[in-house]
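1. Please work out how this folds:
(one chain, ligands or ions: 2)
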Amino acid sequence: MSTLRLQKNTCVQDYIKQLNPSQREAVVNTEGPVMVIAGAGSGKTRVLTYRIAYLMDEKKVDPFNILSLTFTNKAAKEMKERIGKIVGGNEAKNLWMGTFHSVFAKILRFEADKLGFPSNFTIYDAEDARKVIANVIKEKNLDKEVYKVKSVASRISSFKNALITPKEYLRSPELQENDAAARMPMMGDIYRAYAERCFRSGAMDFDDLLLYTFILLRKFPDVLAKYQDRFRYIMVDEYQDTNHAQYLIVKSLANRYGNICVVGDDAQSIYAFRGANIRNILNYQRDYEDVRVFKLEQNYRSTKTIVGAANSLIKKNKEQLDKNVWTDNSDGEQIVINKTVSDTDEASYVARTIFEKNMQEHIPFSDFAILYRTNAQSRAMEESFRRRNIPYRIYGGLSFYQRKEVKDLLAYVRLTINSNDEEAFRRVINYPKRGIGDTTLEKITVAANANGVSVWEICSNLGYYQSVGLNKPTTVKIQDFVTKIQSFKALAKEAEAFDLATHIAKTSGLLRELSQDKTPEGISRTENIQELLNSVKEFTENQKEIEDGNPSLSGFMEDVALLTDSDNTTDEDNEKVSLMTIHLAKGLEFPIVFIVGMEESLFPSMMAMSSRADLEEERRLFYVALTRAEKEAYLTYAQMRYRWGKLIDCEPSRFLQEIDESFLNINTPDFSPFTGAYGDSDEPSASRRPSPRRAPTSSAPSRSRQPQRTMPQRKNLRKIESSLPSANSDSVADTNPSDINVGDRVKHQRFGHGKIKEMEGAGPNKKAVIQFDNVGEKKLLLKFAKLEKVSG
Ligand SMILES: Nc1ncnc2c1ncn2[C@@H]1O[C@H](COP(=O)(O)OP(=O)(O)OP(=O)(O)O)[C@@H](O)[C@H]1O
Ligand SMILES: [Mg+2]
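-> Ligands and ions are numbered 1, 2, ... in the order given. Take a look at the predicted model:
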C-alpha cells in the first residue's frame, strides 16, 4: 500500500518538475486567493490542470470538493482526462468541472423546488427562446417590425446577465425610459410574459442558469452555506471573459474558504459583447485581500516570430496589465501576408497552400486551422476545400442537435421528461400530422394563459377545461396524443435510456414519417435519428462509470442542452483542417494558422470602428487569433469580397500595419486579370500551366520549393498597394473603361479575342459581358480585366 502511494506521489511530483518556477509556485500555493495573469500560451491552463492533480494527490482533497470552471465542455473533458492520467484511477471523474452553465444547471437540478421549478426542468436553447418571444409579441399584438424578435431576445439576455429580473425592470424608470426611447415601451411587459411563460413550462433559458443560481444563493442562505462548504477549492480558467453574474456567484461561493484561483489574460478578453467584464480581472486584487499574483511570462506554444509579432500588436492597446511575454522556442518562419483579388481567390490560396504543404511536407491536415471574424466567411473556404478534397471540420456551425429531425425527436423526449415544456409541445403536437391545426392550438394557448397553467395541463384535462371550446373529433385527437406521451412517461420509469429513446422514435411516428422520404436528404435524416440513438447509447455507457453519473435520458438531454458552440463540431474525426471563428478558437493551439479576411470593416469589424474600447477588443481578438499558432501564421486579405450579396471593395486591415515589420513576409500577390485568379478549375497549381503574369514568388508559399522574398513591411505594403490596381480607384485598367463600348472587339491577355455584348454597373463595379472567340462568354470586372481594344 505504502509503495503504491509512494509511486503515485512521485508521479505528480514528476509532472510538477517539468514546470518552470513561476508555474510551480502557482501550482503548489493552494491556499487563499491566487491570480495567475499571463500571456497566451504561457501554460495557464496547464497550471490549473496540475494544480488540481496536486490538490487531489498531494493534499488529499476529495475531488467532490473541487470546483473548476472552464470555458467549454470540451476543455473540461480534456482537463479531466489529463488529471485522470496524472493521479491515476477514476477519481478525477468526480471533480465538479465544466462550464459555468453546466455546473450551475447541476446545482439548480438539486435545488429546483426551492425556486418552484421541477428538477427535470427543460433548458431552452436560443431557438426555443426566440419562438417563445415571437409568440409573446404576437399574442400582445405588437408590431413585429418594431419589436424584432432578435433584438428583444438580446435585450432580455442582457437584463439577465446584469441580474435584472422582470420585477426589477418594471421598478426601474431608467430602464423603461431607455427602452421607450428605443421605441420599445412594452419591453418590460414582454420580459415579464416571457419569464412567466418559461416558468409555466418548467423551462430555463441559458441566461436563466446564471440568474436563477444567483437568486438561489442570495435567497437561501442555507443553500449558499451548503455549496460554500462543498467547494473548498475553486478554480476559474479564462477569467477575463466572466460576466457580472458569474463574477458575483463565484465570489459568494468562495466566501467561506477563500481558496479561489483564477487564471486569465486581460489581453485575451473578447466577449464584452456578451456581457463579459474585463474589470473582473483588472479589479481582482482589490476584491480579495492577500491575493497572491503569479505572472507567467514564458510562452511555450509559439515561435519567437509569432510571440514577437503578437507583442508588437497588443502594445497598441492602452488598457492592459503590464506583461512581458517571451519564448525560448526557435525563431520560426516569418508571418506571411498574402493579398488576393477576391474572397474566392483567398479561399483558393488557403486551400492550395494547405494542399501543397500536405503533399510536399507531409504535414497532416489536422495541423491547420482557418480562423475568421464572421461565420459567413466559412462558405468560400468550404467550397474551395471540397473542390480539392481536403477534409475539414467546422466548429460552431449548425450543431447536429439543432437539425430539425433531431430536435423533433428530442422534443418528444423533452415532453416525456417534462410535459409542461411548451416549446416541445408546439413542435410535435401536429408532427407527424394528426390533424390538430393552428386554430386549435390558439384556443389551447388562450385557455392556458387565462388559467395561468401550461398547455399540457389544459390538454391532459380537457374534461375539466370545457371552456376551451374544442369539438369532439379534435378533443379525441388531442386525447390520443396525451395518451401516447403518458405511455412514454410510464415506460421512462423502468426502461433504459436507449430503449426508451428507440421506442419513442418508433411509436411517435417520426421514423415512419422520415422513412417515407427516399431522397438522399430523407435518407440522411433517418440516419441522423440512428446517430442520435447511438449517442444516447454511448452517453449512458459513459455515465455508468461515474460515481454520481446520470445514465437516464434526462441526463442525456442535459448534456445536449449544455453544449456550447465550441463543443460542437461536425464530427470528431481527427485528420481534418479546423475552421472556426476566432471567438471559438480561444484556448486552442494549432501548428499552422490562417487568419483570413484581414480587411477594414471586416476585421476590425465595422461596428467596432467608432469607439476606442471596441477597437481595442477587436485588437485583442486579433491577438487571440495570432497566438493560436505554434509554428506558422498566414494573414490574408482580399481586394473585393461579396458581403450582403454585393461585391465590395476592401482595404487591408489596419492591424496588418500594426505588427512590427521585421516579423512579416509580404507575399507579392498573385494577380490575375479576372475574378478567380487561380483559375476557375482551382486545380493544384503544381499541375497547372504557369500563367505568364504570375509573380514568381506567389505560387507556392512552401519554402521547400521556392524561397520567399522578404521585404520590410510598412513601406512595402504601401508599395504593393500602389503598384497594383487599387481596389478603390477606377483608373487602373490599361484601357480606360469608358473607352470600351458594347460592340467593340477587345483582346484579353488570357482569353484572347472577343466582342463586348453587354456592359453593366458603374465606377469600380463596371463589368462587361464578353463573347470570346475561343472560350465562350465571360463576365469580367473592367478594372481588373485590362482589356485592349482591337479593330475589326
Ligand atoms: N513548462 C512547460 N513545459 C513545456 N510545455 C509547456 C509548459 N507549460 C505549458 N506548456 C505547453 O504550452 C502550450 C500552451 O499551454 P497552455 O495552453 O496551458 O497555455 P495558456 O496560457 O492556457 O494559453 P491560452 O492563453 O491560449 O489559453 C501547451 O501545449 C502546453 O502543453
Ligand atoms: Mg488556456
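2. Residue 347 sits in which helix or strand?
-> helix 343-361 (DSSP states H and E).
3. who touches the closest residue to residue 61 other than its chain neighbours in this structure?
-> Leaving aside its sequence neighbours, residue 61 sits nearest to residue 55 (Cβ to Cβ, 6 or more residues apart in numbering; 4.4 Å). Heads up, the C-betas are built off the backbone N, CA and C, glycines and all. By Cβ atoms under 8 Å, 6 or more residues apart in numbering, residue 55 lies in contact with 30, 61, 66, 233.
4. Which two of the residues you listed have the greatest separation?
-> When Cβ to Cβ is used, the two most widely separated members of the contacts of residue 55 are 30 and 66, lying 10.3 Å apart.
5. Looking at these two, which is more packed in?
-> More crowded of residue 30 and residue 66, by other Cβ atoms under 10 Å: residue 66, with 24 against 18.
6. Dihedrals phi and psi, that one?
-> Comment: the main-chain dihedrals of residue 66 come out as phi -110, psi 130, following degrees, to the nearest 10.
7. right, and it touches residue 259 too?
-> No: the pair residue 66 and residue 259 fails to qualify as a contact (Cβ atoms under 8 Å) at a distance of 9.5 Å.
8. which residues are in contact with both of the two?
-> Listed contacts common to residue 66 and residue 259 are 232-234; contacts here mean Cβ under 8 Å, 6+ apart.
9. Would you mind listing what in the stretch 1-150 of the chain touches ligand 2?
-> The stretch 1-150 of the chain has residues 44-45 near ligand 2, with proximity defined as Cβ under 5 Å from the ion.
10. re the thing from before, where's the residue nearest to residue 61, which helix or strand?
-> Using DSSP H and E, residue 55 falls within helix 44-57.
11. List, one by one, the residues from the stretch 501-650 of the chain near ligand 1.
-> On the criterion Cβ under 6 Å from any ligand atom, ligand 1 has as its neighbours in the stretch 501-650 of the chain the residues 587, 589.
12. thinking again about what came up before, which SSE is immediately downstream of the helix holding residue 347?
-> Remark: after helix 343-361, the chain's next helix or strand is strand 368-372, criterion DSSP H and E.
13. So what are the sheet partners of that next one and their directions?
-> Within its sheet, strand 368-372 is paired with strand 577-581 (parallel), strand 590-595 (parallel), according to DSSP bridges.
14. Quick one: check that strand for contact with ligand 1.
-> No: counting by Cβ under 6 Å from any ligand atom, no contacts exist between strand 368-372 and ligand 1, the nearest distance being 12.9 Å.
15. So which elements touch the strand or helix carrying residue 170?
-> Assigning secondary structure by DSSP H and E places residue 170 in helix 166-171. Judged by 3 or more Cβ pairs under 8 Å, 6 or more residues apart in numbering; DSSP states H and E, the packing partners of helix 166-171 are helix 173-181, helix 187-200.
16. Turn these into JSON lines, columns for mean pLDDT, mean neighbour count and distance to residue 416.
-> Listed next are the helices and strands packed on helix 166-171 as JSON lines, based on pLDDT from 0 to 100; neighbours: other Cβ atoms under 10 Å; distance: least, Cβ to Cβ, whole Å:
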{"stretch": "helix 173-181", "mean pLDDT": "91", "mean neighbour count": "13", "distance to residue 416": "39"}
{"stretch": "helix 187-200", "mean pLDDT": "96", "mean neighbour count": "20", "distance to residue 416": "18"}
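17. one step back: shared neighbours, residue 30 and residue 66?
-> Overlap between the neighbourhoods of residue 30 and residue 66 consists of 55, 233, taking contacts as Cβ under 8 Å, 6+ apart.
18. ok, now which ones touch residue 179?
-> If a contact means Cβ under 8 Å, 6+ apart, then residue 179 has 155, 185, 187-188 as its contacts.
19. Let me fix that, I meant to ask about residue 354.
-> Under the criterion of Cβ under 8 Å, 6+ apart, the neighbours of residue 354 are 365, 368, 390, 577.
20. Just the closest of the residues you listed to ligand 1, please.
-> Nearest to ligand 1 out of these is residue 368 (Cβ to the nearest ligand atom; 16.8 Å).
21. can you tell me which residues contact that closest one?
-> By Cβ under 8 Å, 6+ apart, the contact set of residue 368 is 354, 357, 577-578, 590-594.
22. which residues does it form a beta bridge with?
-> Using DSSP bridges, the beta-bridge partners of residue 368 come out as residue 592.
23. Point out where this structure drops to low pLDDT.
-> Low-confidence segments of the chain, defined by pLDDT under 70: 1-10, 397-399, 565-573, 668-736, 738, 750, 764-765, 783-784, 792.
24. By proximity to ligand 2, which residue of it wins?
-> In the chain, the residue that lies nearest ligand 2 is residue 45 (3.3 Å; Cβ to the ion).
25. doesn't residue 589 make contact with that residue?
-> No: applying Cβ under 8 Å, one finds residue 45 not in contact with residue 589, separated by 10.1 Å.
26. re earlier: among the contacts of residue 368, which are in reach of ligand 2?
-> Of these, not one also sits near ligand 2 (Cβ under 5 Å from the ion).
27. Are any of those buried, and if so which?
-> Among the contacts of residue 368, those that count as buried by neighbour count (16 or more other Cβ atoms under 10 Å) are 354, 357, 577-578, 590, 592-594.
28. Which one of the residues you listed is nearest to residue 558?
-> So of the buried ones among the contacts of residue 368, ranked by how close each gets to residue 558 (Cβ to Cβ), first place is residue 578, at 27.0 Å.
29. Name all residues that make contact with the closest one.
-> Contacts of residue 578 (Cβ under 8 Å, 6+ apart): 366, 368-370, 392-393, 395, 569, 590.
30. wait, which of the residues you listed is closest to residue 26?
-> Nearest member of the contacts of residue 578 to residue 26, counting by Cβ to Cβ, is residue 590, at 25.4 Å.
31. so the closest one touches residue 628, yeah?
-> Yes: here residue 590 reaches residue 628: they are 5.9 Å apart, a contact under Cβ under 8 Å.
32. Quick one: list the elements packing against the top strand by length along the chain.
-> Assignment by DSSP state E gives strand 629-643 as the longest strand of the chain. For strand 629-643, the helices and strands in contact under the criterion 3+ Cβ pairs under 8 Å, 6+ apart are helix 304-314, strand 335-342, helix 343-361, strand 590-595, strand 646-649.
33. centre of the chain versus the shortest one, how much separation?
-> Right, strand 646-649. The gap between the average C-alpha position of strand 646-649 and the chain average comes to 26 Å, counting by Cα atoms, centre = their mean, to the nearest Å.
34. What are the buried residues along the helix or strand following that strand?
-> Read in the C-terminal direction, the helix or strand following strand 646-649 is helix 654-658, with elements assigned using DSSP H and E. Along helix 654-658, the positions that meet the burial threshold by neighbour count (16+ other Cβ under 10 Å) are 654-656, 658.
35. Could you export those as a markdown table, including distance to residue 465?
-> Formatted as a markdown table, the entries for those read as follows, by distance: Cβ to Cβ, whole Å:
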| residue | distance to residue 465 |
| --- | --- |
| 654 | 63 |
| 655 | 62 |
| 656 | 66 |
| 658 | 66 |
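36. All good on my end, thank you.
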